[in-house]
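Asks: Structure for this input, please:
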Amino acid sequence: MEPSGGDSGASQRAALRTFLDGRATVLEASEAASMAPAAFLDLADRVRAADDADRVGDRPEITVVIPMFDEEPNVGPLLAELIPVLEPIGTYEVIFVDDCSRDRSREVVLEARAENPNVKLVELARNFGHQGALSAGYDHARGRAVVVMDADLQDTPAVITQMVERWREGYDVVYAVREKRKEGAILRASFFVFYRLLQRISEVDLPLDSGDFCLLDRKVVEAMRSLPEANRFLRGLRGWVGFRQTGITYERAARHSGETKYSIRGRVRFAIDGLLSFSDVPLRLASYAGFLTLFAAMLYLIVAIVAWLIGGEVVRGWTSIIFVVLVAGGVQLLILGVFGEYLSRIYQETKRRPPYVLRATHGAAYDAPGADRG
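Replies: So this is what the prediction gives:
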């Protein structure tokens, strides 16, 4: 739906597109359209609703969501491999979510969009992290199936063909299992321990060695979008929602260019989010640690009393006292730390802040939840 008629209609259309793409404020756009702000907003709402209705009836077969942060040298090679894989599948769109990159990642995507309108861009207002960028991608993906992959070519585009085959066989979730990794030995070992620990203590079934690289049916995307969490561990939520799931193995490649943007601190925070989001085992372990400390203190007291009864005196020395105090204090601080992590997450949830804020979109638009399951 567009306004019509002469020069004024042309100026209104231009102002509307500028506003709907996030490139102008309502005051700037209404002034350019020579309209009162209230009337302009009403017109914009009607245009947006009409656009949404058009999109619902014309969903692409597949959407690929790619979060990126400083991936300028990888965007071109990724598209060169990805587009030939998608074209035989059917209609498609590729949505890059720019997590406030500092290099020319945004410009490279826009250059690609000028040549291929199926390439789209969602810009975040600041760096919201990988999970926030993925959430933005889910909200703007219109495909009947949605694939999530990284921008660094570690997730091989050719695997998408196998994912689509399993999806068409009736599976709702097809996740990629990393058979081999090209990272260093320490990083591989840390991932090995993390995934097995998470599976061991989690309340949901989380497949080993599977990351965010996956294909989701439309109804799975809608189910995940309906969840209200502010702290999102999306690969865990993918397991929590259920549906028919299967995995395919692949060899995870080395980065095409550049270095990983995940710092050690970021990886630790991500691991803690995963452990605490789907398990209350740390709370139970804190309780067990408290009981063990109390038991050790009582045992030490009994030993001291028996020694006094037998020998007439208690063995004197600061070492044992300091040891007991340090152990008890350390356990108490550990327990408080566990409680603090859970309380922090409760606090974050009560604020009800969104997982991301948009700066602008180019070709992509928010997909109204539940409008059409495709």
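Asks: and this structure, what are its domains?
Replies: Segmentation of the chain into domains, based on automatic domain parsing, reads 6-55, 61-279+354-362, 281-351.
Asks: Could you pull up the residues touching the closest residue to Arg104 other than its chain neighbours?
Replies: Among residues not flanking Arg104 along the chain, Glu72 sits closest, at 4.8 Å (C-beta to C-beta, 6 or more residues apart in numbering). In short, each C-beta sits where N, CA and C put it, glycine included. Contacts of Glu72 were listed using C-beta atoms under 8 Å, 6 or more residues apart in numbering, and they are 101, 103-105, 108.
Asks: got it, and Thr91?
Replies: 60-62.
Asks: Check which helix or strand Arg17 maps to.
Replies: According to DSSP states H and E, Arg17 maps onto helix 6-20.
Asks: Now the element after that helix, going C-ward?
Replies: Sequence-wise, the next helix or strand downstream of helix 6-20 (DSSP H and E) is helix 26-32.
Asks: Buried ones in that next one, by neighbour count?
Replies: Of the residues in helix 26-32, 29-30, 32 count as buried by neighbour count, 16 or more other C-beta atoms under 10 Å.
Asks: Put the alpha carbons of that helix into CSV.
Replies: Extracted in CSV, the C-alpha atoms of helix 26-32 (Å, rounded to 0.1, in the frame of the first residue of the first chain):
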residue,chain,number,x,y,z
VAL,A,26,9.0,10.7,12.4
LEU,A,27,9.5,14.5,12.6
GLU,A,28,12.0,14.5,9.8
ALA,A,29,9.9,12.2,7.6
SER,A,30,6.6,14.0,8.2
GLU,A,31,8.2,17.3,7.4
ALA,A,32,9.6,15.8,4.1
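Asks: which helices and strands sit right next to that helix?
Replies: For helix 26-32, the elements it packs on are helix 6-20, helix 37-56, judged by 3 or more C-beta pairs under 8 Å, 6 or more residues apart in numbering; DSSP states H and E.
Asks: Measure how buried Pro84 is and give me the count.
Replies: Neighbour count for Pro84, taken as other C-beta atoms under 10 Å: 11.
Asks: One more: Arg252?
Replies: The burial count for Arg252: 20, using other C-beta under 10 Å.
Asks: and if you look at Pro73?
Replies: Other residues close to Pro73 by other C-beta under 10 Å number 17.
Asks: one step back: worst mean pLDDT among the helices and strands packed on helix 26-32?
Replies: Ranked by mean pLDDT, the helices and strands packed on helix 26-32 bottom out at helix 37-56, with a mean of 61.
Asks: I am finished for the moment; much appreciated.
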